[in-house]
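Colleague: Return atomic coordinates for the entry below.
(one chain, ligands or ions: 3)
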Amino acid sequence: MADPTIKNTALSQWIDEIRAHCEPDCVYVCDGSDEEYDRLCASLVAAGTFIRLDEAKRPNSYLCRSDPGDVARLEHRTFVCTSNRDDAGPTNNWADPTEMRSKLAQLFKGSMRGRTMYVVPFCMGEPGSDLAMIGVQITDSAYAVVSMKLMAHIGRHVVDTLADGDFVRCLHSVGAPLTPGDQDAPWPCNAEHKYIVSFQDDGSIASFGSGYGGNALLGKKCLALRTASLKAQREGWLAEHMLIMGVEDPDGKTTYVAAAFPSACGKTNFAMLLPPDGFEGWKVRTIGDDIAWIRPGADGKLRAINPETGFFGVAPGTNEKTNPNMMAAIQRDTIFTNCALTPDGDVWWEGLTETPPAGLVDWRGCNWRPDVGHPAAHPNARFTVSRDRCPSIDSMAADPKGVPISAFIFGGRLSHTFPLVFQANDWRQGVYWAATLGSEATAAAENQAATRRDPFAMLPFCGYNMADYFAHWLALERRLTDAPAIFRVNWFRCDKNGAFLWPGFRQNMRVLKWIVQRVESTGTGAETPIGIMPLHDNIDWSGLDFDRRTFEALMAIDLEEMATEIQSYGAMLDRFGPRLPSDFVTIHRTLLDALQRTPRDAAAARTASPRRH
Ligand code: GTP
Ligand code: SPV
Ligand code: MN
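Modeller: Ligands and ions are numbered 1, 2, ... in the order given. Below is the predicted model:
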């Protein structure tokens with residue numbers, strides 16, 4: 001039966017269709033209000049899914065424990081469906097759209113029995129802006145609804161403006177139907193079947209069996225990256241796994257940069273960086289910590305928006321030293337997932353304090369002592385909080401025009417071979433350095449090998465053939481009068497004993513300042529075969545005594561090791577076959593030749609002049 005309050009006929013038909021197929025007890029269309037959020041959170045408390053934290057210690061906040069089998073994105077259960085297999089490319093799990101639709105039809109049949117079916121209209125980007133994308137998530141997870149409220153603009157009003165215009169269909173079920181008399185699980189999910197699917201032929205999204213993060217908050221990785229990246233390729237823009245930040249110098253001039261690091265490699269920390277002692281007058285402001293939509297403007301400059309309104313950040317390792325801005329943001333109004341619970345009703349995770357408080361209950365709900373042999377919080381424990389709570393949020397964060405991007409920064413978690421920072425010689429080489437980005441294992445996704453290539457930090461998120469994505473990036477340069485400079489950074493280089501050589505976190509400001517200076521044509525560096533690198537004297541060390549020898553170890557390039565490294569990318573590039581842009585092969589060979597021609601110990605020998613546009 002159509003809901004007369006829904007003006008969009010395509011939507012009311014879709015709701016009817018899904019209701020008939022999934023057989024929920026009832027249908028509820030979300031208005032997105034605070035009152036609704038409070039009501040749904042209270043129902044989650046009543047269901048045993050949420051624990052309300054102590055009102056004095058953590059006002060209006062909740063702890064949620066997921067099922068131990070549902071703790072992260074599932075890359076091997078994520079599928080990109082295209083009619084032609086090659087359009088998904090060798091880095092995506094491809095599935096035939098017709099077969100997948102029939103498989104999912106069976107799984108979704110009756111999957112919402114005994115549950116409420118929530119209809120969540122949402123908008124990624126500012127409502128009313130040309131750049132925004134509207135989706136409707138149908139879900140049987142109230143956790144997904146309240147999380148979406150923090151991460152996006154949600155509510156009926158989003159689709160009211162749409163009349164009969166189109167929206168992205170995002171269907172989600174935890175896949176745990178109830179029969180009368182069943183006791184519900186605190187975190188319902190499906191142990192046997194999990195599917196996170198992008199149908200690129202009609203742009204729809206379907207997710208079954210998981211309630212966690214990017215598997216369930218469908219506006220995030222599914223819509224804003226997999227779906228949007230394909231739309232962006234067709235329309236000439238970019239949807240990227242990038243943070244966006246503004247760096248204000250003591251004269252009040254702000255330079256905006258976007259940075260891509262693979263999952264759990266430091267985007268959130270970097271996006272909220274608090275400049276260290278010695279950098280008085282410098283300010284970093286946050287636009288986003290995970291996703292950037294970037295378009296060339298009429299002026300030939302790239303402008304970026306963060307399509308999200310909140311943060312879904314990694315908890316372990318977050319503390320007053322590593323991220324004071326986030327610590328302030330999560331003081332209240334936050335949903336914590338898979339963190340440990342303290343006896344006084346607050347949350348804790350590894351790295352929050354040096355010693356864990358006594359009497360913790362771990363993320364599985366068991367009493368925990370330091371000697372139990374596993375961490376108290378899950379390594380991919382997260383918090384969900386609105387950007388409005390973040391003290392470093394930029395005044396441009398909700399501006400639909402976006403911010404002008406002057407530099408792209410790419411960084412993985414690499415314990416060896418790669419220096420702290422270098423600047424690619426030009427756009428083409430920068431695209432190559434981004435495409436060959438690699439990272440050692442993190443906890444954000446299951447099943448990771450020790451090191452994997454993660455081109456542009458987009459490996460799990462690029463919704464089409466990655467070779468076409470490289471071509472799209474290369475082609476973009478011609479449309480820009482002022483192409484951003486491209487940098488690689490690596491906070492994670494280690495010494496022989498496996499200890500980090502670089503203090504990281506706030507100290508990353510020193511690297512950021514060099515990057516900003518390079519962009520502003522005031523920074524100096526040395527030419528090397530892989531690009532331009534700062535010498536010890538080119539970095540501002542005010543407030544930190546960082547000795548030249550450690551810096552040199554951090555910046556050293558072993559020419560043979562680097563050549564071997566670059567040779568090893570050949571296999572990755574070969575996977576794309578003839579679809580790989582021929583330019584790529586040229587850039588690869590030129591770089592290898594340059595390395596092989598460089599006499600040993602000549603790296604970092606010559607001083608580069610400041611970059612001029
Ligand atoms: P997703 O939300 O998964 O996309 O990841 P993210 O890139 O936002 O990850 P996040 O910022 O939450 O990364 C957290 C991890 O990076 C933690 O293990 C931090 O300790 C580590 N990290 C962040 N910055 C630094 C740094 O400067 N140095 C070192 N050594 N570790 C860092
Ligand atoms: C990531 O894994 O890159 C995340 C977390 O940002 S999730 O939203 O679960 O994808
Ligand atoms: Mn991410």
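Colleague: Look up how far Asp299 lies from His416.
Modeller: Per C-beta to C-beta, to the nearest Å, His416 is found 41 Å from Asp299. In short, each C-beta sits where N, CA and C put it, glycine included.
Colleague: who's more crowded, the two?
Modeller: His416 (14 against 11; other C-beta atoms under 10 Å).
Colleague: and the more buried one, what does it touch?
Modeller: Taking C-beta atoms under 8 Å, 6 or more residues apart in numbering as the criterion, His416 is in contact with Arg493, Cys494, Glu561.
Colleague: Quick check: phi and psi on Leu302?
Modeller: Dihedral pair for Leu302: phi -90, psi 140, per degrees, to the nearest 10.
Colleague: burial count for it?
Modeller: Neighbours around Leu302, by other C-beta under 10 Å: 26.
Colleague: Isn't it up against Pro296?
Modeller: Yes. Counting by C-beta atoms under 8 Å, Leu302 sits close enough to Pro296 to count as a contact (5.7 Å).
Colleague: Determine the residues that are contacts of both of the two.
Modeller: Common neighbours of Leu302 and Pro296 (C-beta under 8 Å, 6+ apart) are Leu480.
Colleague: Among the contacts of His416, name the ones in helices.
Modeller: Mapping those onto helices (DSSP state H) picks out Glu561.
Colleague: wait, which of the contacts of His416 is closest to ligand 3?
Modeller: Of all the contacts of His416, the one with the least separation from ligand 3 (C-beta to the ion) is Arg493, at 22.6 Å.
Colleague: okay, now that closest one: neighbour count?
Modeller: 20.
Colleague: That one against Trp502, yeah?
Modeller: Yes. With contact defined as C-beta under 8 Å, Arg493 and Trp502 form a contacting pair (6.5 Å).
Colleague: Please, where are all the helices along the stretch 151-300 of the chain?
Modeller: Using DSSP state H, counting those that start in this stretch, the helices found in the stretch 151-300 of the chain span residues 156-160, 213-216, 228-235, 267-271.
Colleague: Next, the buried residues of the longest one.
Modeller: Read it as helix 228-235. Using 16 or more other C-beta atoms under 10 Å as the burial criterion, the residues of helix 228-235 that qualify are Ala228, Ser229, Leu230, Lys231, Ala232, Gln233.
Colleague: For Leu171, give me its contacts.
Modeller: By C-beta under 8 Å, 6+ apart, the contact set of Leu171 is Ile18, Phe108, Gln137, Ile138, Thr139, Ser204, Ile205, Ala206, Ser207.
Colleague: Now with 6 Å, please.
Modeller: By C-beta atoms under 6 Å, 6 or more residues apart in numbering, the residues touching Leu171 are Ile138, Ala206.
Colleague: give me the beta-bridge partners of it?
Modeller: Beta-bridge pairing for Leu171 (DSSP bridges): Ile138, Ala206.
Colleague: Let me know the distance separating it from Ile15.
Modeller: With the distance defined as C-beta to C-beta, Leu171 ends up 11 Å from Ile15.
Colleague: what do you get for Thr49?
Modeller: For Thr49, the distance to Ile15 (C-beta to C-beta) stands at 24 Å.
Colleague: what about the nearest residue to Cys265 once chain neighbours are set aside, how many neighbours?
Modeller: Leaving aside its sequence neighbours, Cys265 sits nearest to Arg413 (C-beta to C-beta, 6 or more residues apart in numbering; 5.1 Å). The tally of other residues near Arg413 (other C-beta under 10 Å) stands at 20.
Colleague: With Asp593 instead?
Modeller: Count around Asp593 with other C-beta under 10 Å applied: 12.
Colleague: That one: helix or strand, and which one exactly?
Modeller: For Asp593, the host element (DSSP states H and E) is helix 582-597.
Colleague: what packs against that helix?
Modeller: Judged by 3 or more C-beta pairs under 6 Å, 6 or more residues apart in numbering; DSSP states H and E, helix 582-597 is in contact with helix 559-574.
Colleague: Cool, thanks, talk later.
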